[in-house]
Structures are given as structure tokens and as C-alpha cells.
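> Output the structure for:
(one chain, ligands or ions: 2)
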Amino acid sequence: MRTVYTRVAIATLLGAVLGLGAGCESPKFNPKGTYRIAGVRVTGKLLNDGWEAYTMYCAACHGEHGDGNGVAAAGYHPPPRNFTKGIFKFAGVNGAGKLPSDADLDRIIRYGLNGTPMLPWDIPEYERRAIIQYIKTLAPLPDPKKMHDKGYKTPISPWYAKNKKQEPLFVPASKDPYEVGGEAKALEIGKLVYHTKAQCLGCHPSYLTTEEYGSFLKKGLEIGFMTPGSTLSPREDAYNPQGKDSVDYKSRLLPPDFVRHPVRSVRVNCPGAARGICPDSQRLEDFYRIIANGIPGTAMPSWQKQLKPDELWALTHYVKWLHDKQLPGGDARAFRDNLLAQPPYVAPEPAPAPVPPVGEVTPSVGDTAPGAEPGAPAAPAVSPATPAQP
Ligand code: HEC
Ligand code: HEC
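Residues are numbered from 1 along each chain as shown. Ligands and ions are numbered 1, 2, ... in the order given. Predicted coordinates:
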């Protein structure tokens, strides 16, 4: 609790010093009015209170105008969210690219984002509600007069499309089939999905030993996760993630290594405890939600439609199992050291491919599979399930 209060105090002080205090300006919204934002009716008083609380707690990082350029934001990577764009990463709605519902934003504010400067906020329910409604007016700031009463007719903001309703909260497509006593099976299938069918290792690290590649090739073929003629050809730097540029977020984002980096949208802390891990921390549902939905605006695809529900659940168990290795007493370090000590993987010769037509580009050395002879054609990679771009 103490850290939270200290942080609140610092934010308040910062706000006061910088003259950010909402009291310096007249209220933005008609205090007697009612407004409609994304299907929710709110009073002008609530929005003004939200503005005040936002200025006090959030503006230092997210900026006075919500553009993510607050005084304390410099050097944060990824930077604090720019609310004027109306794009969010960790929304728990059905389908990628949708706007978070109020409950979603409340989850993010209460629990924070694991491993980032976006810490959990222990502020009263009324203030959170007010901040949430206020944040929605920032993308882009609509004319409060037009918003008033009848709703906002011109959908310049993603939140204000006419008759816009709240997105329904995300519900998994099926019950977890491994819930009771199925953990070992889930890990076995999940590991296969990760390294063969879904090819998560195209961006995230591989967690297979050199020896395992061969048996995974065989199992993958048997179970239909791979097609005959394909082979596993891990990236050159397979035990490290590969950074991906994001146009929407104007930055290079690193897909996490699950045994080293935090999965941000997973609730690790109890609400109200800025540090420390709750007994019921690391919920499976949090892993499922982010893997199913993907991260809009980044290379992280949505997997809900690409995998069968059972495969998605198995994969979720596997990713959580990897992430749990980072918990106190976990073997994350030894697990990774073992992988780093692996001899290089030499892909088996692929089945002879048809002779390429004359004039086709010869692969350059950089395109060859790791361990293959320079100049030899790259081993055809497994064709991954084509992920839906969020
Ligand atoms: C110390 C800096 C800091 C403060 C203070 C702060 N945030 Fe953040 N916030 C961040 C950063 C950094 C991110 C981006 C993290 C990322 O993308 O991994 C973020 C992200 C978010 C997101 C985006 C989640 C998504 O799905 O994209 C929301 C919503 C948010 N903050 C709300 C708030 C609210 C509300 C407050 C005030 C109560 C607040 N933040 C205070 C740093 C801060
Ligand atoms: C095309 C590249 C790509 C592929 C393939 C990919 N990811 Fe990601 N993933 C990313 C990137 C990039 C990020 C980080 C985005 C960011 O920083 O906002 C990420 C982030 C994540 C996160 C962290 C979310 C959080 O809350 O912090 C999880 C979990 C995840 N990926 C799981 C998976 C799984 C499981 C697969 C395979 C089914 C997969 N990813 C396939 C690129 C990819």
C-alpha cells in the first residue's frame, strides 16, 4: 500500500509544481449536462472529476492532453499510451482491434501492467470510473457541446460512433479441457503447437533442445501440425526473440522471452499491492485472453481463429508454465542456460523440391537455414497457420 500512496503523493506534487492542477482552468464539461460515450451515459460532473483525477495521477506520464508525452514519460520504452489515438494493446474483448470496455480499462488501472512503469493504482472506485470516462474523451478531444445530451453524431473518435455500444467482455470459446488433471497433456500438446503449428518461435524464442527438433518434426507430422516435406528450421538466433517494428506505436517492440520477460497483461499483483505477488497470481485466463486476442497495432497476431480451442488452451498452459519459471524459486535461469549451451541444429535435407524455373532468385547466404551449407537453398519452413492481422 505504501508505495501506492507515495506514488500518488509524487504525482500530486508534480501536478501542483507544474501548474497542471485542474483547478487552474474552468471545468471542461457542463457540470449539469449528461453525455454519452460509447454507449454509456455520464454526467458532466463525473467527466470533470475524471479530468481532475487524471491530471493528478496519470498526466505526469500520459500527458496533460493524453498524448503520452507527460513530463515523466521521457525514456520509457514502450512509452505511456497515447490516448488521443484510441488504440489499445491489452483489451479483453472478442476480436483484435476493438476498444476496451470500461471493465477492461478498470482491470488495467487496478492491476497495472506487469513489469512496466504502469503500476497498479489503488484509487477509489468513483475516481477510477471518472478517469475511465474522461480518458475516452481524449481520442481525439470531441467538442463537449456537441457531445452533450444527444450523443455525438460525427464519429471522428473511435469512441463516439453513433449508437456505439460497449464491446462485450472477452469469453473463451470453450472451457479449459485440461482443467482437471490434464496439465501434463496440455504441456505436451502446447509445446508442439508453439513450435510447429503456430510457429510462435518465428518471433518469440524457441524452447527446444537440439535433440528435440528431430522428434518434434516427427510428432508434428504424425499429429498433422506439419505437412509432409516440411522441416523445422529455427531462426539463427533461435533462443532470443526477434524485435519487430510497429508503425502504430512508432517503436521497435520485443516479443517477450517467456522465461525472462514479464507478460504485461497478466495480473501479478493484487489490487492495492504495488509490489509482491498474490497467492492467486498468474491467472491462466489472462494468458488465454492475450494469446487469443493478440496485440492490436503490433506484430503479435490474434490466434483465436487460427487454432482449435483445445490447441489454444494447451498453448496457454505451456506459455504460463514457461512464465511461472520466473516466480521465486523457479528454474528460469537454469532452463535458459541449458538452451544456450545447445549445439547448433542442422536441419535434415528437405525432400527434393521441383527444379526452380530459370530466372528465379537464388537465395543469398543470409537466407540459408542455420547449419546449412552456405549457398544451399534455405530449408522450406513449416507454413504456419496464417495469422489474422489484428
Ligand atoms: C509512471 C508512468 C505512468 C503513470 C503515472 C501512469 N501510467 Fe498508464 N501507462 C504507462 C506506460 C509506460 C504504459 C505503456 C505500457 C506498455 O505498453 O507496455 C501505460 C499504459 C496505460 C494504458 C494502456 C493499456 C492498453 O491496453 O493499451 C492505460 C489504459 C493506462 N496506462 C492508464 C493509466 C491511468 C488511468 C493512469 C492514472 C491513474 C496511468 N495510466 C498512470 C505509464 C504510466
Ligand atoms: C510475427 C511475430 C509474432 C508471432 C508469430 C507471435 N508473436 Fe507474440 N508477440 C509479438 C510481439 C512483437 C509482442 C510484443 C508486443 C508489444 O510489445 O506490445 C508479442 C507479445 C506476446 C505476449 C505478451 C503479451 C503481454 O501481455 O505482454 C504473449 C503472451 C505472446 N506474444 C504470445 C505468443 C504466442 C503464444 C505465439 C504463438 C501462438 C505468438 N505470441 C506469436 C510478436 C509475435
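> if I pick residue 293, what's in contact with it?
Neighbouring residues of residue 293 by Cβ atoms under 8 Å, 6 or more residues apart in numbering: 91-93, 95-96, 170, 302, 304, 390. Bear in mind the C-beta positions are built from the backbone N, C-alpha and C, glycine included.
> Secondary structure, distance to ligand 2 and pLDDT for the residues you listed - can I get that in JSON lines?
Listed next are the contacts of residue 293 as JSON lines, based on DSSP: H, G, I helix; E, B strand; the rest coil; distance: Cβ to the nearest ligand atom, whole Å; pLDDT from 0 to 100:
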{"residue": "91", "secondary structure": "coil", "distance to ligand 2": "11", "pLDDT": "86"}
{"residue": "92", "secondary structure": "coil", "distance to ligand 2": "11", "pLDDT": "86"}
{"residue": "93", "secondary structure": "strand", "distance to ligand 2": "15", "pLDDT": "84"}
{"residue": "95", "secondary structure": "coil", "distance to ligand 2": "17", "pLDDT": "74"}
{"residue": "96", "secondary structure": "coil", "distance to ligand 2": "12", "pLDDT": "70"}
{"residue": "170", "secondary structure": "coil", "distance to ligand 2": "13", "pLDDT": "89"}
{"residue": "302", "secondary structure": "strand", "distance to ligand 2": "10", "pLDDT": "92"}
{"residue": "304", "secondary structure": "coil", "distance to ligand 2": "11", "pLDDT": "92"}
{"residue": "390", "secondary structure": "coil", "distance to ligand 2": "10", "pLDDT": "41"}
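> Considering those residues, which possesses the most neighbours?
Neighbour counts for the contacts of residue 293 (other Cβ atoms under 10 Å) peak at residue 91, which has 27 neighbours.
> Which residue is the nearest non-sequential neighbour of it?
residue 100 (3.9 Å; Cβ to Cβ, 6 or more residues apart in numbering).
> How is that neighbour assigned, secondary-structure-wise?
coil (DSSP: H, G, I helix; E, B strand; the rest coil).
> Tell me which residues touch it, please.
Residues counted as contacts of residue 100 (Cβ under 8 Å, 6+ apart) are 88, 90-93, 108, 167.
> And for residue 304?
95, 173, 292-293, 312.
> coming back round to it: quick one: the residue nearest to residue 91 from ligand 2, how far?
According to Cβ to the nearest ligand atom, to the nearest Å, residue 100 and ligand 2 sit 14 Å apart.
> Do a quick rundown of the strands in the stretch 251-390 of the chain.
Ranges of strands in the stretch 251-390 of the chain, per DSSP state E, counting those that start in this stretch, are 251-253.
> Can you pull the residues of it lying near ligand 2?
Residues of the stretch 251-390 of the chain found near ligand 2 (Cβ under 6 Å from any ligand atom) are 253, 255-256, 263-265, 290-291, 295, 298-301, 303, 315, 319.
> what's the farthest-apart pair in those?
Spatial extent of these (Cβ to Cβ) is set by the pair 253 and 315 at 20.6 Å.
> the more surrounded of these two?
Neighbours were counted for residue 253 and for residue 315 using other Cβ under 10 Å; residue 315 has more, 26 against 20.
> I figured the more buried one hits residue 292, correct?
No: with contact defined as Cβ atoms under 8 Å, residue 315 does not reach residue 292; the gap is 9.7 Å.
> intersection of neighbour lists for those two?
residue 303.
> circling back: out of the residues of the stretch 251-390 of the chain next to ligand 2, which is nearest to ligand 1?
Of all those, ligand 1 sits closest to residue 264, with 5.0 Å by Cβ to the nearest ligand atom.
> For the residue nearest to the closest one when sequence neighbours are not counted, give me its contacts.
Distances taken as Cβ to Cβ, 6+ apart put residue 113 closest to residue 264, at 4.2 Å, once the chain neighbours are dropped. With contacts defined as Cβ under 8 Å, 6+ apart, residue 113 is in contact with 90, 264-265.
> Adding distance to ligand 1 as columns, could you present the residues you listed in JSON lines?
Formatted as JSON lines, the contacts of residue 113 follow (distance: Cβ to the nearest ligand atom, whole Å):
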{"residue": "90", "distance to ligand 1": "4"}
{"residue": "264", "distance to ligand 1": "5"}
{"residue": "265", "distance to ligand 1": "7"}
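> now for the contacts of residue 100, which pair is the farthest apart?
The widest separation within the contacts of residue 100 (Cβ to Cβ) is 14.4 Å, between 108 and 167.
> So which of the two has more stuff around it?
Comparing residue 108 with residue 167 by other Cβ under 10 Å, the one with more neighbours is residue 108, at 23 against 20.
> All the helices of this structure, residue numbers only.
Ranges of helices within the chain are 2-17, 44-57, 59-62, 102-111, 125-136, 144-147, 183-192, 210-222, 284-293, 309-324, 332-340, based on DSSP state H.
> could you dump the ones you listed to JSON lines with distance to residue 81 and mean pLDDT?
Formatted as JSON lines, the helices of the chain follow (distance: least, Cβ to Cβ, whole Å; pLDDT from 0 to 100):
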{"stretch": "helix 2-17", "distance to residue 81": "16", "mean pLDDT": "43"}
{"stretch": "helix 44-57", "distance to residue 81": "13", "mean pLDDT": "96"}
{"stretch": "helix 59-62", "distance to residue 81": "7", "mean pLDDT": "97"}
{"stretch": "helix 102-111", "distance to residue 81": "9", "mean pLDDT": "92"}
{"stretch": "helix 125-136", "distance to residue 81": "9", "mean pLDDT": "95"}
{"stretch": "helix 144-147", "distance to residue 81": "22", "mean pLDDT": "66"}
{"stretch": "helix 183-192", "distance to residue 81": "30", "mean pLDDT": "97"}
{"stretch": "helix 210-222", "distance to residue 81": "38", "mean pLDDT": "91"}
{"stretch": "helix 284-293", "distance to residue 81": "16", "mean pLDDT": "94"}
{"stretch": "helix 309-324", "distance to residue 81": "23", "mean pLDDT": "96"}
{"stretch": "helix 332-340", "distance to residue 81": "28", "mean pLDDT": "97"}
